[in-house]
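[1] Next comes the sequence, and after it the predicted model I'd like to discuss.
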Amino acid sequence: MIHKYKLDPALLEWNNNIWHGVVGIYKIQEDFGITDPELLRAIEIHTIGSSEMGLLDKILYVADYIEDSRSFEGVETARSLAYEDLDAAVAYETLHTVLFLAQKQVQIYPQTIITYNAYVDKLRTKNRS
């Protein structure tokens, strides 16, 4: 799919955690004929985030992280934040994703770092109130 759609060849250095959103939107369009740009964008960035996220983007990004089958330290906090402040939930999720990956000493997808930088102030603001 990366070659077929002439996507950034750097994507080949990553894995399905990145591909299933970024590349998956092309498969979704092929298989299901979905063309709604807002929906495709939300699917595309649901695991990596973006510095510019609309409401649907944030909802899908957070929903994927807190879905019922998830059971990791902090998921209940993330679920609570999702109901209180969606921007704070995005910030929390992104922070903990970055921490998790850093602790595993694996590379972090650049757009995830951009998302973190864009939303970290939201979490800091939330913690002050």
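    Nice, thanks for sending it over.
[2] how close does the residue most central in space within the chain get to Arg124?
    By Cα atoms, centre = their mean, the mean C-alpha position of the chain lies nearest to Thr47, the distance being 2.9 Å. Counting by Cβ to Cβ, to the nearest Å, the gap from Thr47 to Arg124 is 23 Å. Where you see a C-beta, it was placed from the backbone N, CA and C, and this is true even at glycine.
[3] quick one: least confident helix or strand in the chain?
    helix 110-128 (a mean of 82; mean pLDDT, DSSP states H and E).
[4] Which secondary structure elements does that one sit against?
    Judged by 3 or more Cβ pairs under 8 Å, 6 or more residues apart in numbering; DSSP states H and E, helix 110-128 is in contact with helix 86-103.
[5] which residues touch the helix it packs on?
    Residues from elsewhere that reach helix 86-103, judged by Cβ atoms under 8 Å, 6 or more residues apart in numbering: 49, 53, 55, 58-59, 61-62, 65-66, 74, 77-78, 81-82, 107-108, 112-113, 115-116, 119-123, 125-126.
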